[in-house]
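Q: quick check, what structure comes out for this input:
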Amino acid sequence: MPKILSVNVSLPKEVDFEGQKVTTGIFKKSIDGRIMLRTLNLDGDKQADLTVHGGPDKAVYAYPIEHYEFWRKVYPDMEMPNGMFGENFTIEGLMESEVSLGDSFEIGSSKVIATQPRMPCYKLGVKFGRMDVLKKFLASGRSGIYFKVLEEGEVSAGDPIIQIKKDTNQVGITDIVRLYSSDREDIEMMRRAVKVEALPEGWRDYFLEQIRRVEKAQTRSKRQ
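A: Below you'll find the model as predicted:
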């Protein structure tokens, strides 16, 4: 059964990067014991830039331990403790390919719903000390999963991740990454995506615009 291997939190702190001061909450550390998962984040965890991080649709971020082997081959000289990718939950046994937008889970005494993949920002480059990780992260398809909190509750390392509902639209986390990074013409999948109630408005607006763009191009092509 899928489970949490570690719970990782951090308050924002200022770090030096390429001669500049950067405030970030990406430097997560694993903690012991049970902790409250609330509507916006875990107790003891905050995001520095709320314009792109945090909020109800990104309350908690999970990353599969299975991906760590891949990244250790990409960056063999780099230490990679749990939380390296800024994830709140380092998880085992639950991959992006197995999770659809709108799937709901029970973790500890909390309930969460999958909302979107993680799109890398420069803070991941700050964490790794190199900006090439951004393109590699997106190209790898190993995005991790953001969850919205449906019911607050306590969580801890070792808690099973129990699926309690499967969204009927069946739009996978990996589908969203593909539609964004390499397949912007698949408007049928985009139409399914915008029907998912759990899809954040930013993604919905993006896909609706892509649908309009493709449909306009198709109409123009038929007239020629």
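
Q: next one: stretch 186-202 to chain centre, how far?
A: 16 Å (CA atoms, centre = their mean, to the nearest Å).

Q: list the contacts of that stretch.
A: 57, 101-102, 113-116, 148, 167, 169-171, 175-176, 178-179, 203-204, 207-208, 210-211, 214-215 (CB atoms under 8 Å, 6 or more residues apart in numbering). Quick note: C-beta positions are derived from backbone N, CA and C, even for glycine.

Q: look up phi and psi at the residue nearest to L138 when sequence neighbours are not counted.
A: Nearest non-adjacent residue to L138, counting by CB to CB, 6 or more residues apart in numbering: S181, 5.5 Å away. For S181, the backbone dihedrals (degrees, to the nearest 10) come out as phi -100, psi -30.

Q: count the neighbours of S181 for me.
A: 15 (other CB atoms under 10 Å).

Q: in ChimeraX, select just the buried ones from the contacts of stretch 186-202.
A: To isolate the buried ones among the contacts of stretch 186-202 in ChimeraX, judged by 16 or more other CB atoms under 10 Å, type:
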select :57,101,102,113,114,115,116,148,167,169,171,175,176,178,179,203,207,210,211
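
Q: tell me which of the contacts of stretch 186-202 fall in helices.
A: Of the positions in the contacts of stretch 186-202, 175-176, 178-179, 203-204, 207-208, 210-211, 214-215 sit in helices, assigned by DSSP state H.
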